[in-house]
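Novice: make a model of this:
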Amino acid sequence: MIPPPEDPARPEEPLPEARVRRRRWGVSVVWVVPLVAAIVAGYLVYDRLREVGPTLTVKFSDGDGVTVRLRRSAAGIAREGSQFWIVRPEVGPGSISGLSTVLTGPYIQVVPGSGRSRLEFTGLERPPPTLGRRGLRVILATAHLGSVRAASPIYYRGIQVGSVIDNELSRDATSAHVDAFIEQRYARLVRIGSRFWSVSGLDVNVSLRKGVEVNLESLRALLIGGIALATPEDPRAAPAKSGMIFVLHDKPEEAWLAWTPKIPLPPPSE
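Specialist: Numbers count the residues shown, from 1 in each chain. The predicted structure is shown next:
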(Lines give C-alpha, C1' and ligand atoms only; values in the text may rest on other atoms or scores of the structure.)
Protein backbone atom coordinates (compact mmCIF):
# COMPACT_ATOMS: atom_id res chain seq x y z
CA MET A 1 0.00 0.00 0.00
CA ILE A 2 1.41 3.37 -1.03
CA PRO A 3 1.28 6.09 1.70
CA PRO A 4 -0.56 9.28 0.82
CA PRO A 5 1.59 12.19 -0.14
CA GLU A 6 2.42 14.74 2.50
CA ASP A 7 0.51 17.95 2.57
CA PRO A 8 3.04 20.71 1.90
CA ALA A 9 0.84 23.23 3.71
CA ARG A 10 0.88 21.31 7.03
CA PRO A 11 3.39 22.77 9.54
CA GLU A 12 6.10 20.51 11.00
CA GLU A 13 5.72 19.52 14.69
CA PRO A 14 8.58 20.68 17.00
CA LEU A 15 10.96 18.02 18.25
CA PRO A 16 10.86 17.29 22.04
CA GLU A 17 13.68 18.83 24.09
CA ALA A 18 15.73 16.71 26.53
CA ARG A 19 15.66 17.81 30.14
CA VAL A 20 19.03 17.61 31.98
CA ARG A 21 18.70 17.05 35.73
CA ARG A 22 21.78 17.83 37.80
CA ARG A 23 22.48 15.25 40.54
CA ARG A 24 22.95 16.72 43.98
CA TRP A 25 25.59 14.95 46.10
CA GLY A 26 24.78 14.66 49.80
CA VAL A 27 25.80 12.65 52.86
CA SER A 28 23.26 10.27 54.16
CA VAL A 29 22.47 10.38 57.86
CA VAL A 30 23.29 6.68 57.96
CA TRP A 31 27.00 7.45 57.40
CA VAL A 32 27.28 10.33 59.90
CA VAL A 33 27.48 8.21 63.05
CA PRO A 34 30.21 5.80 61.78
CA LEU A 35 32.21 8.75 60.46
CA VAL A 36 32.12 10.60 63.79
CA ALA A 37 32.96 7.38 65.65
CA ALA A 38 35.99 6.80 63.40
CA ILE A 39 37.23 10.35 64.00
CA VAL A 40 36.86 10.01 67.78
CA ALA A 41 38.58 6.59 67.80
CA GLY A 42 41.45 7.96 65.73
CA TYR A 43 41.93 10.85 68.13
CA LEU A 44 41.91 8.53 71.15
CA VAL A 45 44.51 6.26 69.56
CA TYR A 46 46.69 9.24 68.69
CA ASP A 47 46.36 10.66 72.20
CA ARG A 48 47.20 7.28 73.70
CA LEU A 49 50.30 6.86 71.53
CA ARG A 50 51.39 10.37 72.42
CA GLU A 51 51.25 9.54 76.16
CA VAL A 52 52.93 6.12 75.99
CA GLY A 53 56.48 5.98 77.34
CA PRO A 54 59.09 3.20 77.63
CA THR A 55 58.36 -0.31 78.92
CA LEU A 56 60.36 -1.46 81.95
CA THR A 57 60.98 -4.90 83.47
CA VAL A 58 61.26 -5.06 87.26
CA LYS A 59 62.28 -8.37 88.86
CA PHE A 60 61.20 -9.26 92.39
CA SER A 61 62.34 -12.18 94.53
CA ASP A 62 58.77 -13.45 95.02
CA GLY A 63 57.93 -13.54 91.31
CA ASP A 64 59.32 -13.83 87.81
CA GLY A 65 59.01 -10.13 87.19
CA VAL A 66 56.63 -7.30 86.44
CA THR A 67 56.32 -5.34 83.21
CA VAL A 68 55.70 -1.66 83.74
CA ARG A 69 54.46 0.72 81.06
CA LEU A 70 55.31 4.35 81.82
CA ARG A 71 53.64 7.49 80.60
CA ARG A 72 55.79 9.68 78.40
CA SER A 73 55.78 12.37 81.11
CA ALA A 74 57.29 9.83 83.56
CA ALA A 75 59.99 8.54 81.21
CA GLY A 76 62.63 10.05 83.52
CA ILE A 77 62.04 7.14 85.94
CA ALA A 78 63.77 4.76 83.53
CA ARG A 79 67.25 5.61 84.84
CA GLU A 80 69.93 3.93 86.88
CA GLY A 81 69.41 4.43 90.59
CA SER A 82 65.61 4.20 90.48
CA GLN A 83 64.23 1.99 93.25
CA PHE A 84 61.02 -0.04 92.85
CA TRP A 85 59.09 -1.94 95.50
CA ILE A 86 55.64 -3.46 95.90
CA VAL A 87 53.46 -1.86 98.57
CA ARG A 88 51.65 -4.53 100.57
CA PRO A 89 49.99 -4.55 103.99
CA GLU A 90 52.61 -5.23 106.69
CA VAL A 91 51.90 -5.62 110.39
CA GLY A 92 54.80 -6.09 112.77
CA PRO A 93 55.78 -5.39 116.37
CA GLY A 94 57.46 -2.16 115.35
CA SER A 95 55.12 -0.67 112.76
CA ILE A 96 52.00 -1.02 110.63
CA SER A 97 52.05 0.05 106.99
CA GLY A 98 50.34 -0.44 103.66
CA LEU A 99 46.86 -1.03 105.09
CA SER A 100 45.28 0.86 102.18
CA THR A 101 46.28 -1.99 99.86
CA VAL A 102 43.77 -4.26 101.62
CA LEU A 103 41.09 -2.53 99.54
CA THR A 104 43.04 -1.35 96.49
CA GLY A 105 45.43 -4.29 96.14
CA PRO A 106 49.25 -4.17 95.96
CA TYR A 107 50.84 -1.53 93.77
CA ILE A 108 54.36 -0.54 92.71
CA GLN A 109 56.04 2.56 94.10
CA VAL A 110 59.29 4.09 92.90
CA VAL A 111 61.97 6.57 93.88
CA PRO A 112 63.50 8.03 90.67
CA GLY A 113 67.22 7.75 90.06
CA SER A 114 69.54 10.14 88.26
CA GLY A 115 71.81 7.85 86.21
CA ARG A 116 71.80 6.76 82.61
CA SER A 117 68.74 5.37 80.85
CA ARG A 118 67.86 1.82 81.82
CA LEU A 119 64.98 -0.60 81.13
CA GLU A 120 65.64 -3.49 83.58
CA PHE A 121 65.64 -3.21 87.36
CA THR A 122 65.70 -5.42 90.46
CA GLY A 123 62.90 -4.57 92.89
CA LEU A 124 63.38 -4.10 96.62
CA GLU A 125 61.85 -6.35 99.27
CA ARG A 126 60.56 -3.33 101.21
CA PRO A 127 60.56 0.47 100.91
CA PRO A 128 63.92 2.21 101.44
CA PRO A 129 64.08 2.79 105.21
CA THR A 130 65.52 6.29 104.80
CA LEU A 131 63.03 7.34 102.14
CA GLY A 132 62.74 11.12 102.21
CA ARG A 133 64.87 11.36 105.34
CA ARG A 134 68.24 12.99 105.86
CA GLY A 135 70.70 11.84 108.46
CA LEU A 136 73.88 10.00 109.37
CA ARG A 137 74.50 6.35 108.49
CA VAL A 138 77.12 4.40 110.43
CA ILE A 139 78.02 0.72 110.77
CA LEU A 140 77.95 -1.04 114.14
CA ALA A 141 80.06 -4.21 114.33
CA THR A 142 79.36 -6.96 116.86
CA ALA A 143 80.38 -10.58 117.40
CA HIS A 144 76.77 -11.61 118.08
CA LEU A 145 73.78 -9.69 116.79
CA GLY A 146 71.20 -10.78 119.35
CA SER A 147 67.67 -9.52 118.82
CA VAL A 148 68.61 -6.33 116.95
CA ARG A 149 66.85 -6.25 113.61
CA ALA A 150 65.62 -3.85 110.95
CA ALA A 151 63.54 -0.99 112.46
CA SER A 152 65.02 -1.50 115.95
CA PRO A 153 65.16 1.93 117.66
CA ILE A 154 68.36 3.77 118.60
CA TYR A 155 68.18 5.81 121.83
CA TYR A 156 70.10 8.71 123.34
CA ARG A 157 69.14 9.28 126.99
CA GLY A 158 65.96 7.29 126.39
CA ILE A 159 64.90 9.41 123.40
CA GLN A 160 64.77 7.70 120.02
CA VAL A 161 67.20 9.43 117.68
CA GLY A 162 67.41 6.85 114.90
CA SER A 163 66.75 3.28 113.88
CA VAL A 164 68.37 0.20 112.38
CA ILE A 165 68.11 -0.01 108.60
CA ASP A 166 69.43 -3.52 108.06
CA ASN A 167 71.99 -6.04 109.26
CA GLU A 168 74.30 -8.48 107.50
CA LEU A 169 77.55 -10.38 107.92
CA SER A 170 80.85 -8.64 107.32
CA ARG A 171 82.72 -9.47 104.12
CA ASP A 172 84.90 -12.04 105.89
CA ALA A 173 81.95 -13.34 107.98
CA THR A 174 83.83 -12.72 111.24
CA SER A 175 81.26 -10.28 112.64
CA ALA A 176 77.74 -8.97 112.16
CA HIS A 177 77.27 -5.47 110.79
CA VAL A 178 74.33 -3.27 111.73
CA ASP A 179 73.43 -0.47 109.34
CA ALA A 180 72.35 2.32 111.70
CA PHE A 181 70.61 5.56 110.74
CA ILE A 182 70.63 8.68 112.94
CA GLU A 183 68.11 11.40 112.15
CA GLN A 184 69.59 14.63 110.77
CA ARG A 185 68.61 16.66 113.84
CA TYR A 186 70.53 14.28 116.13
CA ALA A 187 73.47 13.51 113.81
CA ARG A 188 75.82 15.80 115.76
CA LEU A 189 75.34 13.62 118.86
CA VAL A 190 77.56 10.98 117.26
CA ARG A 191 81.28 11.74 117.52
CA ILE A 192 84.49 9.82 117.08
CA GLY A 193 84.46 8.58 120.70
CA SER A 194 80.75 7.69 120.88
CA ARG A 195 79.76 4.30 122.28
CA PHE A 196 76.90 2.03 121.22
CA TRP A 197 75.46 -0.93 123.10
CA SER A 198 72.50 -3.26 122.89
CA VAL A 199 69.47 -2.67 125.09
CA SER A 200 67.47 -5.60 123.75
CA GLY A 201 65.41 -7.51 126.27
CA LEU A 202 65.64 -7.36 130.03
CA ASP A 203 68.85 -6.61 131.91
CA VAL A 204 68.54 -8.03 135.43
CA ASN A 205 71.24 -7.52 138.08
CA VAL A 206 71.09 -9.12 141.53
CA SER A 207 73.28 -7.90 144.38
CA LEU A 208 73.16 -7.91 148.18
CA ARG A 209 73.56 -4.14 148.37
CA LYS A 210 71.04 -3.05 145.72
CA GLY A 211 68.87 -6.11 145.51
CA VAL A 212 67.29 -6.85 142.13
CA GLU A 213 67.71 -4.22 139.41
CA VAL A 214 65.81 -4.44 136.13
CA ASN A 215 66.95 -2.24 133.27
CA LEU A 216 64.49 -1.96 130.38
CA GLU A 217 64.94 0.82 127.84
CA SER A 218 61.39 0.44 126.48
CA LEU A 219 58.73 -2.15 125.74
CA ARG A 220 59.40 -1.72 122.04
CA ALA A 221 63.08 -2.54 122.57
CA LEU A 222 61.98 -5.70 124.37
CA LEU A 223 59.93 -6.76 121.35
CA ILE A 224 62.19 -5.82 118.43
CA GLY A 225 65.53 -5.04 120.06
CA GLY A 226 67.18 -1.68 120.55
CA ILE A 227 70.49 0.17 120.73
CA ALA A 228 71.63 2.96 123.06
CA LEU A 229 74.16 5.69 122.34
CA ALA A 230 76.43 7.80 124.56
CA THR A 231 79.02 10.46 123.72
CA PRO A 232 81.94 11.59 125.93
CA GLU A 233 82.47 15.13 127.16
CA ASP A 234 85.23 15.98 124.74
CA PRO A 235 84.59 19.17 122.72
CA ARG A 236 87.61 18.38 120.54
CA ALA A 237 86.09 15.11 119.30
CA ALA A 238 85.29 15.36 115.60
CA PRO A 239 81.74 14.61 114.39
CA ALA A 240 81.21 11.18 112.90
CA LYS A 241 80.89 10.81 109.14
CA SER A 242 78.64 8.50 107.18
CA GLY A 243 80.17 5.07 106.68
CA MET A 244 82.25 5.06 109.88
CA ILE A 245 82.38 1.80 111.86
CA PHE A 246 81.73 1.61 115.63
CA VAL A 247 81.69 -1.35 117.97
CA LEU A 248 78.29 -2.50 119.22
CA HIS A 249 78.85 -3.57 122.83
CA ASP A 250 76.71 -6.02 124.79
CA LYS A 251 76.49 -3.76 127.85
CA PRO A 252 77.52 -0.22 128.76
CA GLU A 253 80.31 0.71 131.15
CA GLU A 254 79.32 2.85 134.13
CA ALA A 255 81.48 5.72 132.88
CA TRP A 256 79.49 5.92 129.66
CA LEU A 257 76.24 6.38 131.54
CA ALA A 258 77.76 9.35 133.39
CA TRP A 259 78.72 11.26 130.25
CA THR A 260 76.76 14.52 129.92
CA PRO A 261 78.21 16.51 127.01
CA LYS A 262 76.58 19.80 126.02
CA ILE A 263 75.72 19.45 122.34
CA PRO A 264 73.44 22.15 120.86
CA LEU A 265 70.68 20.70 118.70
CA PRO A 266 68.96 22.45 115.80
CA PRO A 267 65.21 23.11 116.04
CA PRO A 268 62.89 20.28 114.98
CA SER A 269 62.00 22.01 111.72
CA GLU A 270 65.53 21.59 110.33
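
Novice: which parts of the chain are helices?
Specialist: Using DSSP state H, the helices found in the chain span residues 29-51, 101-104, 219-224, 254-257.

Novice: so I139 sits right up against D179, yeah?
Specialist: Yes - counting by CB atoms under 8 Å, D179 is a contact partner of I139 at 6.4 Å. From N, CA and C alone the C-beta is placed, and that goes for glycine too.

Novice: how close does S200 sit to R149?
Specialist: Distance, S200 to R149, using CB to CB, to the nearest Å: 9 Å.

Novice: so which of the two has more stuff around it?
Specialist: Neighbour count, other CB atoms under 10 Å: between S200 and R149, S200 has more, with 21 against 17.

Novice: I figured that one was touching L145, is that so?
Specialist: No - the pair S200 / L145 is not scored as a contact, 9.5 Å apart, by CB under 8 Å.

Novice: contact partners for S114?
Specialist: Residues in contact with S114 (CB atoms under 8 Å, 6 or more residues apart in numbering) are 79-81.

Novice: swap the cut-off to 6 Å and go again
Specialist: By CB atoms under 6 Å, 6 or more residues apart in numbering, S114 lies in contact with G81.

Novice: phi and psi next, for it.
Specialist: phi -130, psi 20 (degrees, to the nearest 10).

Novice: give me the common contacts of S200 and R149.
Specialist: In contact with both S200 and R149: G225, using CB under 6 Å, 6+ apart.

Novice: residue ranges with poor pLDDT in this structure?
Specialist: 1-13, 15, 18, 20-30, 45-52, 62-66, 89-105, 132, 201-224, 269-270 (pLDDT under 70).

Novice: which strand residues bridge Q109?
Specialist: W85 (DSSP bridges).

Novice: which residues does G158 contact?
Specialist: By CB under 6 Å, 6+ apart, G158 has no neighbours at all.

Novice: I should have written I154 there, sorry.
Specialist: Applying CB under 6 Å, 6+ apart to I154 gives the contacts 161-163, 227.
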